[in-house]
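# structure for this input, please:
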Amino acid sequence: MVGHSLTTFIVAVQDTVGQAAEHAPKAAESKPHIPNLLTFINESFAHHYEVLFFALLMALILVIGALVVYRKRQLIPGPFQNFVEMLFDGLYSLVYAMLGKETDRYIPFLGTLFIYIWFMNLSGIIPLFHAPTSSLNMTASLAITVFLYVQYTAFRRLGSLPYLKHLMGDPNSGVTWALVPVNLPLHIIGEFVKPFSLSLRLFGNILGEDILVATMVALGIMFAGMFGSPIGVPFQIPFYFLAMLTSTIQALVFTMLSTAYFMMVLPHEEHEH
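Numbering: from 1, shown residues only. You can find the predicted model right below:
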């Protein structure tokens, strides 16, 4: 039974890694990663729903964690509450440096965005889990959410005509008005490029982590087969630490760029500090 399970796992890993090498331009479709819980249960179901399943699972874990911290909060915090408070203080300081007194309005969204992306990134290194952010569908959804909220903020805080003038480059002279036919389409294109770049950056880095770890696992299993060992060589372990670092950095980059997009559409006098 153990030998059959190991053989199944080896075949599954080799298939996914082989797909990555053979179809690199179609990485988003082949999804090269270590087989997860859903893959072993039903490969067809996993292919269609694993991103949604693990994204909802991470959201559920975060909701439960938040409820536990809130209901068991103490004046003298325990380790878990202390970690959450330190995380919030750090995020608040970073956002405040960019948004100033507007921070309280946007920190719930931006803080949730960071923690959710961070947990989804890290879930890829947990055995039998999968990183939803290794899918372009998930990162594009997050980026579109940011884009829509930024545009809503721009229209609400600036107004339609002032926002249009902002997209024109705030012309105030004959020369700047003459440049409006150039500035307006460039700024409009720029607004749509922002979510595109956000989604591709996060997707590319997390997918790269998955490919690297899957490759190291396959290499370790190959070495085990060469020497007749029932246990693979854990070549992937050092890369788990690298993945933890890059997952944190990518979640932070996504959040800080989103904060910058909010800062650019807020009235200047309202976010100075």
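# could you use CA atoms for every contact and neighbour count after this?
Noted.
# what residue lies at the spatial centre of the chain?
Among the residues of the chain, the one closest to the centroid is I117, at 4.0 Å (CA atoms, centre = their mean).
# output the below-cut-off pLDDT ranges for the chain.
1-33, 227-231, 268-273 (pLDDT under 70).
# pull the longest helix from it.
In terms of residue count, the longest helix belonging to the chain (DSSP state H) is helix 180-227.
# helices or strands up against that one?
Packing partners of helix 180-227 (3 or more CA pairs under 8 Å, 6 or more residues apart in numbering; DSSP states H and E): helix 2-22, helix 136-158, helix 160-167, helix 237-265.
# save the ones you listed as CSV, and put in mean neighbour count and distance to L99 too.
Shown next, in CSV, are the helices and strands packed on helix 180-227 (neighbours: other CA atoms under 10 Å; distance: least, CA to CA, whole Å):
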stretch, mean neighbour count, distance to L99
helix 2-22, 16, 41
helix 136-158, 18, 13
helix 160-167, 16, 18
helix 237-265, 18, 6
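# distance to T215 for the ones you listed - can I get that in CSV?
Below are the helices and strands packed on helix 180-227 laid out as CSV (distance: least, CA to CA, whole Å):
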stretch, distance to T215
helix 2-22, 6
helix 136-158, 21
helix 160-167, 46
helix 237-265, 11
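# what's the closest of the ones you listed to G111?
Closest approach to G111 among the helices and strands packed on helix 180-227 (CA to CA): helix 237-265, 8.0 Å.
# now do the closest one: which elements does it pack against?
helix 79-99, helix 103-122, helix 136-158, helix 180-227.
# flag every buried residue along the first one.
Meaning helix 79-99. Within helix 79-99, the residues that count as buried by 16 or more other CA atoms under 10 Å are Q81, L91, Y92, L94, V95, Y96, M98, L99.
# with the second one instead?
Neighbour-count burial for helix 103-122, with 16+ other CA under 10 Å as criterion, is recorded at 103, 107, 110-111, 113-122.
# what is that helix packed up against?
helix 43-71, helix 79-99, helix 237-265.
# could I get these in CSV, plus columns for distance to P127?
CSV is the format used below for these (distance: least, CA to CA, whole Å):
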stretch, distance to P127
helix 43-71, 13
helix 79-99, 23
helix 237-265, 11
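# to L164, which of these lies closest?
Evaluated over the helices and strands packed on helix 103-122, closeness to L164 peaks at helix 237-265, with 11.1 Å, by CA to CA.
# chain center to that closest one, what's the gap?
7 Å (CA atoms, centre = their mean, to the nearest Å).
# relative orientation of it and helix 136-158 in degrees?
Orientation of helix 237-265 against helix 136-158 (axes from the mean of the first three to the mean of the last three CA atoms, to 10 degrees) gives an angle of 20 degrees.
# measure V95 to R71 for me?
Here the criterion is CA to CA, to the nearest Å. By it, V95 lies 26 Å from R71.
# and L113, by the same measure?
The value you get for L113 to R71, if CA to CA is used, is 22 Å.
# again, but for I126
I126 sits 28 Å away from R71, going by CA to CA.
# now M120: closest residue in space, sequence neighbours ignored.
A131 (5.4 Å; CA to CA, 6 or more residues apart in numbering).
# over to I115?
Nearest to I115 is A251, by CA to CA, 6+ apart, at 7.7 Å.
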